[in-house]
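Chemist: Next comes the sequence, and after it the predicted model I'd like to discuss.
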Amino acid sequence: EAGVTQFPSHSVIEKGQTVTLRCDPISGHDNLYWYRRVMGKEIKFLLHFVKESKQDESGMPNNRFLAERTGGTYSTLKVQPAELEDSGVYFCASTLGQGSYNEQFFGPGTRLTVL
Amino acid sequence: AQSVTQLGSHVSVSEGALVLLRCNYSSSVPPYLFWYVQYPNQGLQLLLKYTSAATLVKGINGFEAEFKKSETSFHLTKPSAHMSDAAEYFCAVNAGGTSYGKLTFGQGTILTVHP
């Protein structure tokens, strides 16, 4: 069974440009999470989808970030326009159930560098 | 609110020595606790989790952790380090309730194993 995949693995863009990150969860996993790790800091929660609905987007830093999960399968996270402080590693994770005890399966992350 | 503190951003041990990675948490409700490991260029992988059953939790690769409510700790140990244990380790907490699956992470501890 394929794990969580993320694309691209690396992205280098100029300040002011737009970048779209993609996450493909494990097939059948209704719950999808986005996290971010800024260099030197802890991994922080961004948002949580249940199928195509946003369950919790309390961690989204500002309105330059837009997450979608059309059809309840893969998800995209768009940053527009990108700022220097958006640099970091963006992780996606998925779970089958919504219980807090469930293991979250993580993708390898997308390393975003904004110059 | 919940929080996690990992004492020591870097821990160095000799091969065959005891591994002890410290994690303290803060949670207003009984938490679910997790240890994840990240090897280079890979996603986070679950080592073990505490879900209010046994306080001593055994995980993969010979790791275990003990939940101590009185000390609000969930330290990770392994009796004998192996070179392949070199990685970054993350402690995380989920307080359940309306947090659903949202994880709060510690800052991470990089484990180095010397021959």
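Modeler: Cool, the structure landed.
Chemist: is it true that A:Phe106 touches A:Val4?
Modeler: Yes. Counting by CB atoms under 8 Å, A:Phe106 touches A:Val4, with 6.2 Å between them. Glycine gets a C-beta too; all of them are placed from N, C-alpha and C.
Chemist: any residues in contact with both of the two?
Modeler: Contact criterion CB atoms under 8 Å, 6 or more residues apart in numbering or on different chains; residues shared by A:Phe106 and A:Val4: A:92-93, B:43.
Chemist: can you tell me which of these are in strands?
Modeler: In strands, judged by DSSP state E, the following of those are found: A:92-93.
Chemist: Pick the one among the shared contacts of A:Phe106 and A:Val4 closest to A:Phe45.
Modeler: Closest to A:Phe45 out of these is A:Ala93 (9.8 Å), distances taken as CB to CB.
Chemist: What is the neighbour count of the nearest residue to the closest one once chain neighbours are set aside?
Modeler: Closest residue to A:Ala93 apart from its sequence neighbours, by CB to CB, 6 or more residues apart in numbering or on different chains: A:Gln104 at 4.0 Å. The number of residues packed near A:Gln104 is 24, by other CB atoms under 10 Å in any protein chain shown.
Chemist: for A:Glu57, same thing?
Modeler: The local packing count at A:Glu57 equals 14, with neighbours defined by other CB under 10 Å.
Chemist: Could you look up the SS state of the residue nearest to it when sequence neighbours are not counted?
Modeler: Of all residues not flanking A:Glu57 in the chain, A:Leu47 sits nearest, at 4.0 Å (CB to CB, 6+ apart). Three-state secondary structure (criterion: DSSP: H, G, I helix; E, B strand; the rest coil) places A:Leu47 in strand.
Chemist: close enough to count as contact, A:Leu47 and A:Gly59?
Modeler: Yes. At 6.0 Å, A:Leu47 counts as touching A:Gly59 under the criterion of CB under 8 Å.
Chemist: the more surrounded of the two?
Modeler: Regarding A:Leu47 and A:Gly59, a neighbour count based on other CB under 10 Å identifies A:Leu47 as having more, with 21 against 16.
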